[in-house]
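**Student:** pasted the sequence and its predicted model underneath.
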Amino acid sequence: MTAALTAAQFVFHDGATQSFTADGRTTYVERGVPSAGEWSVAGDGTFSSFWPPTYRATYTVRWIVENGARVGVSFTDTRSGVRYDGRYQSAAS
């Protein structure tokens, strides 16, 4: 899961971007405004994020595959069931 999250920056349908680093840091940028958070992989294989000072969320993570290629990751909130699809930003983007 770490390799999937740190492979490249993600772009979401609304144009927001998110990047993850191997040391557990993440930056989400919406409308040009960045916010910094932390992430980790839980023992059950879920992904957890923390956005100071108090916001925490847990997600199930799945590959997005098109034509046999991994093009991104789908994050599904384990509480609400809401899904967010992050596509890898290509060098041409």
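**Tutor:** Noted; the coordinates are in hand. These figures come from a predicted structure and were not determined experimentally.

**Student:** now the farthest one out in the chain, which residue is it?
**Tutor:** Largest separation from the mean C-alpha position in the chain: residue 67, at 21.6 Å (C-alpha atoms, centre = their mean).

**Student:** which elements pack onto the top strand by length along the chain?
**Tutor:** Identified as the longest strand of the chain according to DSSP state E is strand 55-66. Secondary-structure packing of strand 55-66 (3 or more C-beta pairs under 8 Å, 6 or more residues apart in numbering; DSSP states H and E): helix 2-6, strand 47-51, strand 69-77. Quick note: C-beta positions are derived from backbone N, CA and C, even for glycine.

**Student:** out of the ones you listed, which gets nearest to residue 32?
**Tutor:** strand 47-51 (17.7 Å; C-beta to C-beta).

**Student:** what's in contact with the closest one?
**Tutor:** 1, 5, 26, 35, 37-42, 56-61, 75 (C-beta atoms under 8 Å, 6 or more residues apart in numbering).

**Student:** once you drop chain neighbours, what's closest to residue 84?
**Tutor:** Nearest-residue entry for residue 84: residue 75, 4.6 Å, with adjacent residues in sequence omitted and distances by C-beta to C-beta, 6 or more residues apart in numbering.
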